[in-house]
Structure formats: structure tokens, C-alpha cells
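K.L.:
Okay, predicted coordinates and the sequence, questions at the end:
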Amino acid sequence: MSSGQGDLGGLPHGDARSFFNAVASFYDRVYAIEGLPHRERMRALLRVLGPASEALVLGVGTGRELPTLLDAGFSTTGIDCSEEMLAMCARRARHGVLVRGDFWQPLPFHDATFGAAIALHGTMAHPPSMHAFEALALELTRVIRLGGVFVLELPTLAWFTRWAGQPDEGPGVLLVEGDYAAFVDRRSGAAIRGLVVSPERWVQSLARGFDCTMHLVSDDEVRVVARRTESP
Ligand SMILES: C[S@@+](CC[C@H](N)C(=O)[O-])C[C@H]1O[C@@H](n2cnc3c(N)ncnc32)[C@H](O)[C@@H]1O
């Protein structure tokens, strides 16, 4: 994999904010994980998060993870770059604190604010560059207390390969060119650009402040559980 933004060739260049603003009104219907798989993933999440604390939800979107966290006694702060996704989230009866912001930039929170942080369902798939991982890992080291946990889910390389090979399936078209991927939503025509990143790359970025384990959730997805430890 290359280390910078490089040439995106013929791939569409959409950013996360404009893509998720365009799909927000039908995100829950078309893109969200529903039913049993959602409930199973939330149960697994609670198991690894442990006792309730203050949870930071990166890419909170329409707030699909919030009821589980709030019911389990967590207080939540959700951050998202899309005002339309946040507007959908704010319609929930309980939605905790919501902040509009870009989590690839310095996080707008004090040191050691959180006992937990999560980034689920492809949220981390659209970094501005490979270097963004190190910067976010440092920020998470700052805002998550010692002993806290960060859980992220990442698509596997197998997922990229399979979806790129099925242009007529699903809600949009996935294009892959080297390290870069672009997804074009069929309904709105909105595009989002991403990087094809291995979970190992993430684990490497987190290694200075976290002990990480990787779990294959399915052929499509890996869960990384990162426990905050003393930085070396
Ligand atoms: C695939 S959705 C997942 C939403 C929710 N976590 C779920 O599982 O349904 C990804 C969310 O991350 C947000 N997002 C993507 N990149 C972001 C960034 N750089 N800063 C803040 N939010 C971002 C998007 O706006 C979107 O709401």
C-alpha cells in the first residue's frame, strides 16, 4: 500500500460529509445493519466494553448504537461530520450529546474524558490519508482513560474484492483502484472515496497507547479491540 493520497485516477472523489448528507434520509432503510445481526453485534460490543462509563461514538450517524449503550448505563457523546445524519439522530427520544465535527481533526474533548470509544460499520473507511490513522490514534490515546477500550470494525480486503466484483448488486457500485476505493450510491449518485486499509495497519497505529486484539466477525468484517495502556 502507498503512504499518501496519491493519484486517485478515474475514481469519484466524494467526501464523507457530502455523501452522508445525500443518503441520510434513507440510510436506515438502505445501509444500516438491521435485526439479528445488529442485536448480535451490540451484544458482542457490550461484552468487550465492560462496565458502563462515558462512551464516545465516532461516526454516530443516525444513532443506531445509542439505545444499546444508553440502556446499559453508558453516557454517550456522538460525533459526526454530517449535519443531515445528526439531524436524523437528534430525532431519537434519547440521543445523548451530539457534536458536529471531523474526527480526523483534533478531537474537541478534554484529556481522559472517556472510558470507551467505538467506531462501527465502516465509519473508519474514509481517511484523508494513511497518516490520518496515527493522528487519530494519538487523539484517542489522549481522550480515553487508562484501562478504557476502543472498539472499531473494519471491512476485510475480501469484502472490497467481492463487492468490487459485483457492480449490479446492492445499493451502489464499489470501484477499487490500487489502495483507493470509491462507492457511488445508486439513488442519489453521491460518491464517497476511501482507502483500502488492512486491520493490521490500524493495530500498528494504535500500538503506542493500546493493547490490541483482532477478531474476525465474518468474511466481511474484522473487529479490533484496543485497550488503553501506559504509552511506552
Ligand atoms: C457508515 S455510517 C455508520 C453510522 C453508524 N455508526 C451505524 O453503524 O449505523 C458512517 C458515519 O460516519 C460519519 N463519518 C464519516 N467520516 C467522518 C469523519 N471524518 N468525521 C466525522 N464523522 C464521519 C458519517 O457521516 C456517517 O454518519
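P.N.:
Received it, and whenever you're ready, just let me know what you need. Residues are numbered from 1 along each chain as shown.
K.L.:
Surely residue 138 is in a strand?
P.N.:
No: counting by DSSP: H, G, I helix; E, B strand; the rest coil, residue 138 is not part of a strand but helix.
K.L.:
Buried residues of the strand ranked longest in the chain, list them for me.
P.N.:
In the chain, with assignment by DSSP state E, the single longest strand is strand 144-155. Within strand 144-155, the residues that count as buried by 16 or more other C-beta atoms under 10 Å are 144, 148-155. (Each C-beta comes from the backbone N, C-alpha and C, glycine too.)
K.L.:
Let me know the closest of these to the ligand.
P.N.:
Top of the list for closeness to the ligand, among the buried residues of strand 144-155 and by C-beta to the nearest ligand atom, is residue 153 at 8.5 Å.
K.L.:
quick one: contacts for the closest one?
P.N.:
Contacts for residue 153 (C-beta atoms under 8 Å, 6 or more residues apart in numbering) come out as 41, 119-123, 217, 221-224.
K.L.:
again, 10 Å this time
P.N.:
Each residue near residue 153 by C-beta atoms under 10 Å, 6 or more residues apart in numbering is listed here: 33, 41, 45, 118-125, 199, 215, 217, 220-224.
K.L.:
is stretch 223-232 anywhere near the ligand?
P.N.:
No: contact of stretch 223-232 with the ligand (C-beta under 6 Å from any ligand atom) is absent, the minimum separation being 12.9 Å.
K.L.:
would you list every one of the helices in the protein?
P.N.:
For the chain, the helices defined by DSSP state H cover 16-30, 35-49, 66-71, 83-90, 132-143, 157-164, 199-206.
K.L.:
can you tell me how far the nearest residue to residue 186 once chain neighbours are set aside sits from the ligand?
P.N.:
Excluding the flanking residues, the one nearest residue 186 by C-beta to C-beta, 6 or more residues apart in numbering is residue 172, at 5.2 Å. Look at residue 172 and the ligand: by C-beta to the nearest ligand atom, to the nearest Å, they are 12 Å apart.
K.L.:
Contact partners for the most centrally placed residue in the chain?
P.N.:
Against the mean C-alpha coordinate of the chain, by C-alpha atoms, centre = their mean, the closest residue is residue 123 at 2.3 Å. The contact partners of residue 123, taken as C-beta under 10 Å, 6+ apart, are 16, 57-61, 80, 103, 152-154.
K.L.:
Please go through the residues you listed and note which also touch the ligand.
P.N.:
Taking C-beta under 6 Å from any ligand atom as the test, the ligand is in contact with 16, 59, 61, 80, 103 out of those.
K.L.:
one step back: check what pLDDT the residue nearest to the centre of the chain gets.
P.N.:
Here the pLDDT value assigned to residue 123 is 93.
K.L.:
Brilliant, that's me finished.
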